[in-house]
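S.K.: Provide a 3D model corresponding to the input given below.
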Amino acid sequence: MDAPTSPLRRALVVDDEQPLARLIAGYLEREGFEVALAFDGPSAVALAREHDPEVIVLDLGLPGLDGVEVCRQVRTFSDAYVVMLTARSEEVDTLIGLSVGADDYMTKPFRPRELVARINALLRRPRRAVAEPPAVVDAPAMSFGELRIDPVGREVFLGDDLVPLTRTEFDLLATLAANPQRAFSRRALIAAVWGDEWVGDEHLVDVHLLHVRRKLADTTTEQRFIRTVRGVGYRMGAGG
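M.R.: Numbering: from 1, shown residues only. Have a look, this model is predicted:
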């Protein structure tokens with residue numbers, strides 16, 4: 001009897017540059033993905049509902065709806081990993097794109113093999129915390145002042161209010177919280193959350209933690225929950 005084949009992973013590639021979209025799709029298909037293509041914003045939202053992808057490669061500049069609005073709408077019904085593509089390297093594009101729930105970004109031009117490597121790293125998550133044992137997913141709830149983190153339910157509460165973190169934001173916060181006395185470098189956080197094979201700009205960590213701080217009503221001055229360790233990276237604050 002033939003061994004059962006593994007189901008194909010599903011991806012959605014969205015870019016109005018059709019040759020580039022088809023090129024990316026070809027690379028993903030060789031990696032075992034079933035790929036759907038969209039060339040404008042409204043089609044991207046519709047296909048995300050129909051195709052139910054595990055990962056979405058999403059260009060920022062799209063006709064109909066831009067990538068930020070597509071990501072915002074998709075996040076209302078999907079937790080797919082989103083890699084944002086942009087032809088502009090200005091920091092505001094990165095901040096806006098990630099603030100609506102994108103997990104990673106790449107600036108054009110890029111190497112398709114690097115994009116595929118990042119996607120594979122995302123799909124290997126959720127990962128265990130850097131410290132072993134226990135894994136973050138099996139750890140008890142953690143409290144830091146009025147902040148409570150539930151690794152099993154993957155929920156964060158500030159007082160009685162549920163904090164709407166993305167998966168990446170939660171994973172970063174949970175990694176810090178599981179090792180509250182440790183100062184993490186950006187590289188260590190990337191290894192814990194994205195994986196050892198991830199390549200790219202390590203300041204991606206700064207962008208995500210900036211959003212976490214904002215959602216926790218924390219500031220770079222107070223640093224109640226996330227502390228910046230100069231010359232190193234970040235560690236968990238006491239919550240006071």
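S.K.: And stretch 110-122, what's buried?
M.R.: Judged by neighbour count (16 or more other Cβ atoms under 10 Å), stretch 110-122 contains these buried residues: 115-122. Backbone N, C-alpha and C define where each C-beta goes, glycine included.
S.K.: And for stretch 51-58?
M.R.: 51, 53-58.
S.K.: Convert the C-alpha atoms of that stretch to PDB, please.
M.R.: As requested, C-alpha coordinates have been extracted for stretch 51-58 and formatted as PDB (Å, rounded to 0.1, in the frame of the first residue of the first chain):
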ATOM      1  CA  HIS A  51      -8.300  29.600  -0.300                       C
ATOM      2  CA  ASP A  52      -7.700  29.700   3.500                       C
ATOM      3  CA  PRO A  53      -3.900  30.000   3.100                       C
ATOM      4  CA  GLU A  54      -1.300  29.400   5.800                       C
ATOM      5  CA  VAL A  55       0.900  32.200   4.500                       C
ATOM      6  CA  ILE A  56       0.200  35.300   2.400                       C
ATOM      7  CA  VAL A  57       2.900  37.100   0.400                       C
ATOM      8  CA  LEU A  58       1.400  40.600   0.100                       C
END
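S.K.: average pLDDT for it?
M.R.: Throughout stretch 51-58, pLDDT has a mean value of 94.
S.K.: contacting residues around that stretch?
M.R.: Counting by Cβ atoms under 8 Å, 6 or more residues apart in numbering, the neighbours of stretch 51-58 from elsewhere in the structure are 9-15, 24, 36, 44, 48, 67, 70-71, 74, 78, 80-85, 102, 115, 119, 122-123.
S.K.: Report the separation between the most centrally placed residue in the chain and Ile119.
M.R.: Nearest to the mean C-alpha position of the chain, counting by Cα atoms, centre = their mean, stands Asp103 at 2.3 Å. Between Asp103 and Ile119 the computed distance is 10 Å (Cβ to Cβ, to the nearest Å).
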